[in-house]
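Participant: any chance you could fold what I've pasted below:
(4 chains)
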Protein chains: 2
Amino acid sequence: MDSSSALRQAGLRVTAQRRAVLTALQGAAHPTAAEIASRLVDLPVGIASEVSRQGLYNVLDDLTRVGLVRRIEPAGSATRYELPSGDNHHHLVCRTCGRIEDVACAIGAAPCLDLPNGNLLDSKGFLITEAEITWWGECAECATSSPLPTEGAVA
Amino acid sequence: MDSSSALRQAGLRVTAQRRAVLTALQGAAHPTAAEIASRLVDLPVGIASEVSRQGLYNVLDDLTRVGLVRRIEPAGSATRYELPSGDNHHHLVCRTCGRIEDVACAIGAAPCLDLPNGNLLDSKGFLITEAEITWWGECAECATSSPLPTEGAVA
DNA sequence: CGGCTAGACTTGACTCGATCAAGAATAGGG
DNA sequence: CCCTATTCTTGATCGAGTCAAGTCTAGCCG
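Facilitator: Numbers count the residues shown, from 1 in each chain, chains lettered A, B, ... in the order given. Coordinates of the predicted model:
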């Protein structure tokens, strides 16, 4: 589905900026707002190439709200965005270089909303809408290049 | 155990600032660095009451490194800190007011490191050190006061 | 007890991501 | 074609956190 119809279906006006952002997200791993902005610059002719910072945040907010974009907010780094892939997946973040890998949720459709204690949460009155699982660690490259700097690290 | 011996056991020098921060954390829910700073001001006499911002971050880093403090980094809000309670628990964050509730990990000791697909992660070469689960939703109060502001909101 | 030094703390400037506010532009229905 | 609510732009501002450089002090040693 092209971006225009996707936007229309979502009930959003079709604007050059929104289409450009959607296009820029294709093929990008998990770009930050800044990375998206730089991608916009070298999009093929015919698609808007400049979006103001505020406009970019607006667009990303709108797209996220209607579900055309998924927001990832790893602690300690800028918010990242991705096109929802349909599968319910989580993320693996490298503490050293910040790289993010996708991890498929192997259990089922939306299993991560299953809570440890069934209705434990109802007892707190919380209305859960989303579960987020993040694994922290070190990616292969960082693990080999720097063996987890501990106190006794060799100079 | 008092803060002085805790610090000594952890191999850290005992300073007024560190003891003050540890004291300030007691009885606090999940304070941000700023909230800790304001708590420091009205600590009982005899415990340092002023810590510079940089000093506070240093202290929190040090305490976190040795495990005397646990860091919580909910997306979209400042880093929060808590005294580790021994049990492996996760968090429930209100999207509206930012409030955080603890959720006990009901499954076992450190079950959350069990990965969906066993060694799926090894295939990516990641060395996992920590799993973090966050449930997003709306707390009871926010749910009643504002029924999830949608498009049709009344003016 | 007094001095020494690595480790700890303070000050102040600065970065970066994100937001606020107010005005200009435009999509799309009539 | 025109009108208006929605969307975008500009520019100031904010808040959390970091950097750098100098001062202070806990705790060891004589």
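Participant: from now on I want contacts and neighbour counts done on CA atoms only, so please keep to that.
Facilitator: Noted.
Participant: now the helices for chain A?
Facilitator: A:3-9, A:16-25, A:33-41, A:53-66, A:140-145 (DSSP state H).
Participant: which residues touch residue A:21?
Facilitator: Contacts of residue A:21 were listed using CA atoms under 8 Å, 6 or more residues apart in numbering or on different chains, and they are A:36, A:40, A:56, A:59-60.
Participant: distance of it from residue A:66?
Facilitator: Between residue A:21 and residue A:66 the computed distance is 14 Å (CA to CA, to the nearest Å).
Participant: and what of residue A:56?
Facilitator: Taking CA to CA, one finds residue A:56 at 16 Å from residue A:66.
Participant: who has more neighbours, those two?
Facilitator: Higher neighbour count among residue A:56 and residue A:66: residue A:56, with 19 against 14, using other CA atoms under 10 Å in any protein chain shown.
Participant: my guess is that one contacts residue A:33. True?
Facilitator: Yes - the criterion here is CA atoms under 8 Å, and residue A:56 meets it with residue A:33 at 7.4 Å.
Participant: would you mark the buried spots in stretch A:17-26?
Facilitator: Applying a neighbour-count criterion of 16 or more other CA atoms under 10 Å in any protein chain shown, one finds A:17-25 buried in stretch A:17-26.
Participant: near DNA strand D, which of those residues show up?
Facilitator: A:17-18 (CA under 7 Å from any atom of the strand).
Participant: rewinding a little: now the buried members of the contacts of residue A:21.
Facilitator: A:36, A:40, A:56, A:59-60.
Participant: among the residues you listed, show me the least confident.
Facilitator: Among the buried ones among the contacts of residue A:21, residue A:40 has the lowest pLDDT, at 89.
Participant: that residue and residue A:55: what is the separation?
Facilitator: 12 Å.
Participant: close to DNA strand C: what parts of chain A are there?
Facilitator: So far as CA under 7 Å from any atom of the strand goes, chain A lies against DNA strand C at A:8, A:12-16, A:32-34, A:53-54, A:57, A:77-80.
Participant: of those, which pair is most distant in space?
Facilitator: The most widely separated members of these, counting by CA to CA, are A:8 and A:77 (32.2 Å).
Participant: just want the angle from the longest strand seen in chain A to strand B:127-138.
Facilitator: Counting residues, the longest strand found in chain A (DSSP state E) is strand A:127-138. Here strand A:127-138 runs at an angle of 160 degrees relative to strand B:127-138 (axes from the mean of the first three to the mean of the last three CA atoms, to 10 degrees).
Participant: tell me the strands beside strand A:127-138, with direction?
Facilitator: strand A:89-94 (parallel), strand B:127-138 (antiparallel) (DSSP bridges).
Participant: go through that strand and flag the buried ones.
Facilitator: A:127-128, A:131-138.
Participant: also stretch A:82-96?
Facilitator: A:82-83, A:88-95.
Participant: which residue in these has the weakest pLDDT?
Facilitator: Where pLDDT dips furthest among the buried residues of stretch A:82-96: residue A:88, at 65.
Participant: could I get the average pLDDT for stretch A:63-70?
Facilitator: Mean predicted lDDT for stretch A:63-70 stands at 92.
Participant: is DNA strand D contacted by that stretch?
Facilitator: No - judged by CA under 7 Å from any atom of the strand, stretch A:63-70 and DNA strand D are separated, with a smallest distance of 9.7 Å.
Participant: now residue A:90. Nearest residue, chain neighbours left out?
Facilitator: Spatial nearest neighbour of residue A:90, chain neighbours left out: residue A:103 (5.1 Å); criterion: CA to CA, 6 or more residues apart in numbering or on different chains.
Participant: actually, residue A:6.
Facilitator: residue A:68 (7.9 Å).
Participant: contact partners for that neighbour?
Facilitator: So residue A:68 contacts A:6, A:10, A:83-84 (CA under 8 Å, 6+ apart).
Participant: hmm, residue A:31 is touching residue A:81, no?
Facilitator: Yes - between residue A:31 and residue A:81 there is a contact at 5.8 Å, judged by CA under 8 Å.
Participant: compare those two (neighbour count), which wins?
Facilitator: Using other CA under 10 Å as the criterion, residue A:31 and residue A:81 rank with residue A:81 on top: 22 against 18.
Participant: wait, that one sits on residue A:70?
Facilitator: Yes - using CA under 8 Å, residue A:81 is in contact with residue A:70, at 5.7 Å.
Participant: just the CA coordinates of stretch A:59-73, formatted as CSV?
Facilitator: Output in CSV follows, covering the C-alpha atoms of stretch A:59-73 (Å, rounded to 0.1, in the frame of the first residue of the first chain):
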residue,chain,number,x,y,z
VAL,A,59,4.3,14.0,11.9
LEU,A,60,5.9,11.3,13.9
ASP,A,61,3.4,11.9,16.7
ASP,A,62,0.5,11.7,14.4
LEU,A,63,1.7,8.6,12.6
THR,A,64,2.4,7.0,16.0
ARG,A,65,-1.0,7.9,17.2
VAL,A,66,-2.8,6.2,14.3
GLY,A,67,-0.4,3.3,14.4
LEU,A,68,1.4,3.8,11.1
VAL,A,69,4.6,4.1,13.0
ARG,A,70,5.9,2.5,16.1
ARG,A,71,7.9,4.3,18.7
ILE,A,72,10.9,2.8,20.5
GLU,A,73,12.3,4.6,23.5
